[in-house]
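[1] below is the sequence, then the predicted model.
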Amino acid sequence: MSAEDEFLEAFSLSVKRPGADRLLAWLKKTDFFTAPASTRFHGDHEGGLAEHSLNVYRRLQEEVKALPVTPSDETVAVCGLLHDICKANFYKVSQRNVKNEKTGRWEKQPFYQVEDQFPYGHGEKSVFLIERFMRLKVEEAVAIRWHMGGFDDAAKGGSYAVSGAFEKYPLLLCLNVADMKAAYLDERKEEKDGTSH
């Protein structure tokens, strides 16, 4: 099953709230299922974003089991699958010259670069895009907004709001850990094994 089919199945089975169908229809019109997850780190290949979203969703399903009150399957799917929808229509393919070490010739090779058409931040942009179609619970919005933790630009700039969010919403910690494990364990392993793409 392709990452797109797996994503659509997981989303459709778990997310039933009003507007979910409109959100999914919009997502299908974007490059979400063909976009990379990054330009040079994890999932920097076609379809990497959908693969990453699924990896985070799977990891989040495990992480929330440690919470005193387990969130609903719908909340886990919303946060895991949609935390990075800010990256839909975010990258473009460009060309650069790379020297072929075997032939000594310069060759054009494709690469991804950021072309942010809606510069609104990372987590906050995902929250904004989701809420154009369906309502988020407060804990979902906070978890998605701050899922980058200390890597978020606002946190790097000195904002203390992320600390308060971690203290008040345990789902955020679970999503942050799931995101890190997916990027640094699952997707690095896939790259080494050659199992991605």
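    Noted; the coordinates are in hand.

[2] so how far is the helix or strand hosting Trp26 off the chain centroid?
    Under the criterion of DSSP states H and E, Trp26 resides in helix 20-29. Centroid separation for helix 20-29 versus its chain: 16 Å, with Cα atoms, centre = their mean, to the nearest Å.

[3] can you name every helix or strand that whichever helix or strand comes after that helix contacts?
    Once helix 20-29 ends, the next helix or strand along the chain (criterion: DSSP H and E) is helix 48-63. Where contact means 3 or more Cβ pairs under 8 Å, 6 or more residues apart in numbering; DSSP states H and E, helix 48-63 is packed against helix 3-14, helix 73-82, helix 170-181, helix 187-193. No exception for glycine: its C-beta is placed from N, CA and C like everyone else's.

[4] contacts for helix 48-63, please.
    3-4, 6-7, 10, 32-33, 35-38, 42-43, 76-77, 79-84, 87-88, 174-175, 177-179, 181-183, 186-187, 190, 196 (Cβ atoms under 8 Å, 6 or more residues apart in numbering).

[5] try stretch 11-21
    By Cβ under 8 Å, 6+ apart, the list of residues contacting stretch 11-21 reads 24, 73-74, 76-78, 81, 133-135.

[6] now do that stretch: distance to the chain's middle.
    18 Å.

[7] show me what counts as buried in that stretch.
    By neighbour count on 16 or more other Cβ atoms under 10 Å, the buried set for stretch 11-21 is 11, 14-15, 20.

[8] determine which two of the residues you listed are furthest apart.
    For those, the farthest-apart pair by Cβ to Cβ is Ser14 and Ala20; their separation is 9.3 Å.

[9] quick revisit: Throw the helices and strands packed on helix 48-63 into TSV and include distance to Ala155, thanks.
    Shown next, in TSV, are the helices and strands packed on helix 48-63 (distance: least, Cβ to Cβ, whole Å):
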stretch	distance to Ala155
helix 3-14	28
helix 73-82	18
helix 170-181	11
helix 187-193	22
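
[10] out of the ones you listed, the one nearest Val93 is which?
    Closest among the helices and strands packed on helix 48-63, using Cβ to Cβ: helix 3-14, at 18.4 Å.

[11] report the contact partners of the residue most central in space within the chain.
    The centroid of the chain falls nearest to Asp84 when counting by Cα atoms, centre = their mean (3.0 Å). Contact analysis of Asp84 by Cβ under 8 Å, 6+ apart lists 37, 49, 52-53, 56, 126.

[12] pLDDT at it, what is it?
    We note a pLDDT of 96 for Asp84 in this prediction.

[13] I'd like the distance between it and Phe90.
    The spacing between Asp84 and Phe90, counted by Cβ to Cβ, to the nearest Å, is 9 Å.

[14] so can I have TSV of the contacts of Asp84 showing pLDDT, neighbour count and distance to Gln117?
    As requested, those are exported to TSV (pLDDT from 0 to 100; neighbours: other Cβ atoms under 10 Å; distance: Cβ to Cβ, whole Å):
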residue	pLDDT	neighbour count	distance to Gln117
Ala37	82	25	18
Leu49	93	26	16
His52	95	26	21
Ser53	97	28	20
Val56	97	29	24
Ser126	97	24	15
